[in-house]
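1. 3D model of this:
(chains A and B)
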Amino acid sequence: MAGYLLRRVLHMIPLLLGITFLAFLIIDLAPGDYFSTLKMNPSISPEVIHQMEVQFGYGDPLLLRYAKWLWRALHLDLGVSVAYRVRVIDLIAARAGNTVILALASMLVTWTLAIPIGILVALRPNSISDRVLSFLAFFGMSLPSFFLAFLMMFAALRTGWFPIGGTFSVSYDSLTLSGKIADRLYHLWLPMIVLGIGGMASLMRLMRANILEIKEADFVRTARAKGLSEGVVVVKHILRNALNPFVTLAGYELGNLLGGAALVEAVMNLQGLGTLMLDAVRSLDVYLVMGSVLMGSILLLVGNLLADVTLTLVDPRIDFTRLEAGR
Amino acid sequence: MNRARGPGVIVVASAVTLVLFYLMAVAAPVVAPYDFAEQNRAFPNCPPSSLHVNPPQRWGEAIFYTHPLVLADPLTRRFDEQRDVRVPIHMLYRWHLFTTSPDTPKVFVLGTDNLGRDLFSRIVYGSRVSLSIGVVGVAISFTIGTLVGSFAGYVGGWVDNIIMRIVEIEMSLPSFYFLLALAAVIPANLSSATTFFLIVVLMSFISWAGFARIIRGMVASLREYEYVVAARGLGASRWRILTRHIIPGTFSYTIIAATLSIPSFILGESALSLLGLGIQEPSASWGNLLAEAQNVQNLVKYPWILTPGVFIFLTVMAFNFLGDYLRDRLDPRAAAR
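-> Numbers count the residues shown, from 1 in each chain, chains lettered A, B, ... in the order given. Sure, this is the predicted structure:
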């Protein structure tokens, strides 16, 4: 197990190198750069700009700049954001937490709703409730997250029950700790539902398909033949096996949610990694872009790693060596 | 069970919706009552016009009519309806499906945006971008995916190994972040056709890898099939085996996956354009039409600016239903469900 984990972590290194270099290449292709916009600002003296250019290694060849960035990144120094004038690592630390909280919260919504519904529907396939819910699942799956976000914000403004976007209130800093938590939760509601509904449909359909398949398995018939009660058969034999693949899905979903969250964050004006990335891209803030990409990739890779590891934990039939050969 | 069942009402309705939408995109200048860039500065954020049916004896003139709207308060953008004036809406008139005569006030079926441009006309023209981006994007990314995947799967060995490592990097990219970074590279002063092309290429570049990996797996197993071994024994060239015997074996999967992938391209373009990184004004796409809704005040005062989202939703849903139906029909493994 330990050897497998170590190899998987080592495997992430070339991936991260490839990803960050690609990101560096792309941002270098962008026409103009942050300094050309700075130079147009008359309130900043040319000396200051020149000093910053030297500091950020402006003018060096691409590979050298990447090597410099990489070297400093290895020392946990991701550079300074040109636009915010703050260390990138501080900015990311402040924002990544919000994004992860949002992703986890929306996963909670998805799971607590989709799995029970999937089970109920699968126990009575092709009934009216199955058809209606399956149709609604398609409905939810097809609703673009940004559109749902607009609709929710519309509802929020009309009813006044929810805050309209934002991660916390203006008065956040003056609140007590419990007040801060309550304020966060109050602001988390809407984006959590928006993101959660998007993932619900596919999860529910998967649950339904899984249960339908396992319902026909031989061991289920054996369990019934032994005279076990229907409740025990459903919970202990069918559900346990049907839930297995979902443990894996959780990890992969976390990775996917980061991308989805970025869009919802932008539309609902939340303070997250996605909005940070969007701002950075718009102002060509190289180090901030690189930092956000690095953070996003790490979250994605760790999510996938967690997925594979939990899979081996819940399903003893899978052994590590085979898992590696398959990848 | 599912195999015996014909396409249900929903699947037929989805297909009809898509056919109508694509016809609308092709015949945009005819379907749209006005030009997409035509500004009516006297009608900023005008609500949808009301439609009324004429009594049958007046059908010779026009079947439908509307009451003109007049800007009563420019500050709050309140419009008043002139109940005593009837504006006839002519059908099949001056090469338009429906429009108004140039000397009468205009009819805004879905209202206008802040520059007084007819939203319905913009949606119709915008469908050209939004509907074609899915098809073109899928065509590009699936061609790359099939070529790379089948090459890797058929040749195997170290070539396969290298290609799969590249695919792995591609699949580990936080794709939306990269799409943002790539979209920022597009200069803003390009023509809308070039921007469109670049966006399709970027999205294809990001999404081919997952498909290539599946095709590679299918090809690696297909090449061991007896009919392929037989073809090899008969002395067929590698190219012929690959193109005539192996790649066709992946087509049913490709059709299903393509149908189900089109929505992600449509949504990707909409998201980029919504954030201002995609198709630029004055060109219309369903995504950039929604950009105005990002201001919550606009959303509540002029709720009709959300209608492009309804079009996106309907298209995506139609493709999902259609793809699901195709999967039931073409994929024998899914038939068990």
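2. need the contact list for the residue nearest the centre of chain B.
-> Nearest to the geometric centre of chain B sits B:L131, at 2.9 Å (C-alpha atoms, centre = their mean). Contact partners of B:L131, counting by C-beta atoms under 8 Å, 6 or more residues apart in numbering or on different chains, are B:F21, B:Y22, B:A25, B:I266, B:T315. Bear in mind the C-beta positions are built from the backbone N, C-alpha and C, glycine included.
3. read off the pLDDT value for the last one.
-> The one in question is B:T315. B:T315 is assigned a pLDDT of 95 by the prediction.
4. same question for the fourth one.
-> On pLDDT, B:I266 comes in at 93.
5. from memory it sits against B:G134, does it?
-> Yes: under the criterion of C-beta atoms under 8 Å, B:I266 is in contact with B:G134, at a separation of 4.6 Å.
6. overlap in contacts, the two.
-> With C-beta under 8 Å, 6+ apart as the test, B:I266 and B:G134 both reach B:F319.
7. mind listing what's buried in the strand or helix carrying the residue nearest to the centre of chain B?
-> Assigned by DSSP states H and E, B:L131 falls within helix B:119-155. Buried positions in helix B:119-155, judged by neighbour count with 16 or more other C-beta atoms under 10 Å in any protein chain shown: B:119-134, B:136-138, B:140-142, B:144-146, B:148-154.
8. cool, stretch B:213-230 as well?
-> B:R213, B:I214, B:I215, B:R216, B:M218, B:V219, B:A220, B:L222, B:R223, B:V228.
9. the bottom helix or strand of the chain by mean pLDDT?
-> In the absence of a named chain, chain A is used. Taking mean pLDDT, DSSP states H and E as the measure, the helix or strand of chain A with the lowest value is helix A:320-326, at a mean of 51.
10. wait, I meant chain B there
-> In chain B, no helix or strand scores lower on mean pLDDT, DSSP H and E than helix B:175-185, which sits at a mean of 82.
11. ok so, going back, tell me the pLDDT of the residue nearest to the centre of chain B.
-> pLDDT recorded at B:L131 is 93.
12. look up how far A:V80 lies from the closest residue to A:L288 other than its chain neighbours.
-> Once flanking residues are discounted, A:L288 sits nearest to A:A280: 3.7 Å by C-beta to C-beta, 6 or more residues apart in numbering or on different chains. Between A:A280 and A:V80 the computed distance is 13 Å (C-beta to C-beta, to the nearest Å).
13. the closest residue to chain A within the stretch 1-150 of chain B: which element?
-> Using C-beta to the nearest C-beta, the single residue of the stretch 1-150 of chain B nearest to chain A is B:I10, 7.2 Å away. Under the criterion of DSSP H and E, B:I10 resides in helix B:9-26.
14. between that helix and helix B:119-155, how big is the angle?
-> Orientation check (axes from the mean of the first three to the mean of the last three C-alpha atoms, to 10 degrees): helix B:9-26 against helix B:119-155 gives 110 degrees.
15. what packs against helix B:9-26?
-> helix B:119-155, helix B:307-330 (3 or more C-beta pairs under 8 Å, 6 or more residues apart in numbering or on different chains; DSSP states H and E).
16. could you dump the ones you listed to TSV with distance to B:T259?
-> TSV is the format used below for these (distance: least, C-beta to C-beta, whole Å):
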stretch	distance to B:T259
helix B:119-155	8
helix B:307-330	4
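17. contact residues of the stretch 51-200 of chain B facing chain A?
-> Within reach of chain A by C-beta under 8 Å from any C-beta of the partner chain, the stretch 51-200 of chain B has these residues: B:165, B:168-169, B:172-178, B:180-185, B:187.
18. repeat the analysis, applying 10 Å as the threshold.
-> Counting by C-beta under 10 Å from any C-beta of the partner chain, the stretch 51-200 of chain B comes close to chain A at B:164-166, B:168-189.
19. kindly give a single ChimeraX line that selects the buried subset of those residues.
-> Buried residues within these, by 16+ other C-beta under 10 Å, are selected in ChimeraX with:
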select /B:164,168,169,170,171,172,173,174,175,176,177,178,179,180,181,182,183,184,185,186
